[in-house]
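Undergrad: Structure here, sequence nowhere to be found:
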């Protein structure tokens, strides 16, 4: 609970927000010649928001009013040409794409102390210049241009080939690194259509094999590859006060697209007119140039920097099973099962050693998952119960005999000055000193070993009922609460 009276906050604080959003979609589609179609689509999106906040003197502080206005506008313009033709048992199609999108955002903020009583945030200017606490404005934009071409071929609906190439250019990257090209290819064989698979109970059996490269630029700010101005900083210049601006921080102008090469082998199956159907997929994803925000040492100015840090591999399996248990004129009972397991591993860290120690949830180590938890290991609580003295340097140096039984509180207070009720932190190297260099280790991963779900739906006429169970297993959860309140200076 807060230190102040919750009722006082309720009666003396207010926050009002209004948001207006306009979405649009307009397109033109033509068919200039046989088998060829062209469609152009423009999708704009405008959002305008205002937020007013007021905190009166009834909450134990100086009255404060603030007003925020934000505006964002984005648009996507897609141009797609499709060509389809069938010749006897052969089907051929091709698609060409040219796409552009842009996004702009602006924000204006004003806050002041002691606005005129009764006006709340509606007349902040009456507070006077001397009470202005903050006034600021900001603007940001980004854009992307994309080209893509895809060709499909099918023979009798049994053998299918697809090839795609896509190029994206993003303004988030610096000149010379903005473009990435990502090809892919896929093959599918509908085995159930073959004469030798004339099995009455088999409705569908299709084998799929694909390889492709995808790009990622998420997590990058609009200007993370550009040096921007920060400040101002005020200083004495002669007998006058002057101000100046300085670089916002270290930037990586060589930042480039993160790319993922994926190979997938899959099977689609169906039995008894597809009343039992599902999929099985095995995949391997190798991500190169992983985009990662790492902390910089203080000697270089501190802060953080986004870099293409290294290579990561994901391997796993995905299963799905759908069954139609009952189906007639009035009743339908359907059940769906899913299962997925993924193994994540850091393969390489570019230009560094085999690890980057960046805190509890920001540590990378070769051979370990990306989302690991690297910290001290909690090994119990100091109590008055007896324990076996561990065989290590700290025990011997403090007069204990390894293997003897002593009270937990006596042992841990003598070496670490821990009293009853305090947590026991594992002393990995046994030197009697708990320090980050020698006593932290990988405690586990924040990613589950496997996830699964069961969904069952029952329909009778116009009535329906659904039951769903979802689970994630074998993973660690990082608690900010425990970190803050049970840190004990470590």
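TA: Sure thing, it's come through. In this text, all values refer to a predicted model and were calculated from it rather than measured experimentally.
Undergrad: Quick one: distance of stretch 250-269 to the chain centre.
TA: In terms of C-alpha atoms, centre = their mean, to the nearest Å, the centre of stretch 250-269 is found 15 Å from the chain centre.
Undergrad: same question, stretch 366-386
TA: Stretch 366-386 sits 25 Å away from the centroid of its parent chain (C-alpha atoms, centre = their mean).
Undergrad: Show me what counts as buried in it.
TA: Across stretch 366-386, burial judged by 16 or more other C-beta atoms under 10 Å covers 366, 368, 369, 370, 371, 372, 373, 374, 375, 376, 382. Just so you know, the C-beta spots here come from the backbone N, C-alpha and C atoms, and that holds for glycine as well.
Undergrad: Stretch 126-141 too?
TA: 127, 131.
Undergrad: Which stretches in the stretch 351-490 of the chain count as strands?
TA: For the stretch 351-490 of the chain, the strands defined by DSSP state E, counting those that start in this stretch occupy 355-356, 364-365, 372-375, 378-381, 386-388, 405-407, 423-425, 441-445, 450-460, 463-473.
Undergrad: got JSON lines for those, with distance to residue 280 and mean pLDDT too?
TA: Listed next are these as JSON lines, based on distance: least, C-beta to C-beta, whole Å; pLDDT from 0 to 100:
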{"stretch": "strand 355-356", "distance to residue 280": "36", "mean pLDDT": "69"}
{"stretch": "strand 364-365", "distance to residue 280": "32", "mean pLDDT": "80"}
{"stretch": "strand 372-375", "distance to residue 280": "29", "mean pLDDT": "85"}
{"stretch": "strand 378-381", "distance to residue 280": "40", "mean pLDDT": "88"}
{"stretch": "strand 386-388", "distance to residue 280": "50", "mean pLDDT": "92"}
{"stretch": "strand 405-407", "distance to residue 280": "55", "mean pLDDT": "92"}
{"stretch": "strand 423-425", "distance to residue 280": "45", "mean pLDDT": "88"}
{"stretch": "strand 441-445", "distance to residue 280": "25", "mean pLDDT": "86"}
{"stretch": "strand 450-460", "distance to residue 280": "15", "mean pLDDT": "95"}
{"stretch": "strand 463-473", "distance to residue 280": "20", "mean pLDDT": "94"}
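Undergrad: would JSON lines of the ones you listed with distance to residue 32 be doable?
TA: Shown next, in JSON lines, are the strands of the stretch 351-490 of the chain (distance: least, C-beta to C-beta, whole Å):
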{"stretch": "strand 355-356", "distance to residue 32": "56"}
{"stretch": "strand 364-365", "distance to residue 32": "53"}
{"stretch": "strand 372-375", "distance to residue 32": "56"}
{"stretch": "strand 378-381", "distance to residue 32": "70"}
{"stretch": "strand 386-388", "distance to residue 32": "85"}
{"stretch": "strand 405-407", "distance to residue 32": "90"}
{"stretch": "strand 423-425", "distance to residue 32": "73"}
{"stretch": "strand 441-445", "distance to residue 32": "55"}
{"stretch": "strand 450-460", "distance to residue 32": "46"}
{"stretch": "strand 463-473", "distance to residue 32": "46"}
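Undergrad: between those, which gets nearest to residue 231?
TA: Of all the strands of the stretch 351-490 of the chain, strand 355-356 sits nearest to residue 231, with 30.4 Å by C-beta to C-beta.
Undergrad: before we move on, the earlier item: would you convert the buried residues of stretch 366-386 into CSV that also reports distance to residue 46?
TA: Below are these laid out as CSV (distance: C-beta to C-beta, whole Å):
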residue, distance to residue 46
366, 47
368, 45
369, 41
370, 37
371, 36
372, 42
373, 42
374, 44
375, 45
376, 50
382, 60
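Undergrad: To residue 258, which of the strands of the stretch 351-490 of the chain lies closest?
TA: Nearest of these (C-beta to C-beta): strand 364-365, 14.4 Å.
Undergrad: What is the burial count for residue 22?
TA: 10 (other C-beta atoms under 10 Å).
Undergrad: Begin at 871 from now on, thanks
TA: Sounds good: first residue 871 from here, last item residue 892.
Undergrad: nearest residue to it other than its sequence neighbours?
TA: residue 916 (4.5 Å; C-beta to C-beta, 6 or more residues apart in numbering).
Undergrad: neighbouring strands for the one helix or strand that neighbour maps to, and are they parallel or not?
TA: Under the criterion of DSSP states H and E, residue 916 resides in strand 906-925. Strand pairing for strand 906-925, using DSSP bridges, gives strand 883-893 (antiparallel), strand 896-903 (antiparallel), strand 934-957 (antiparallel).
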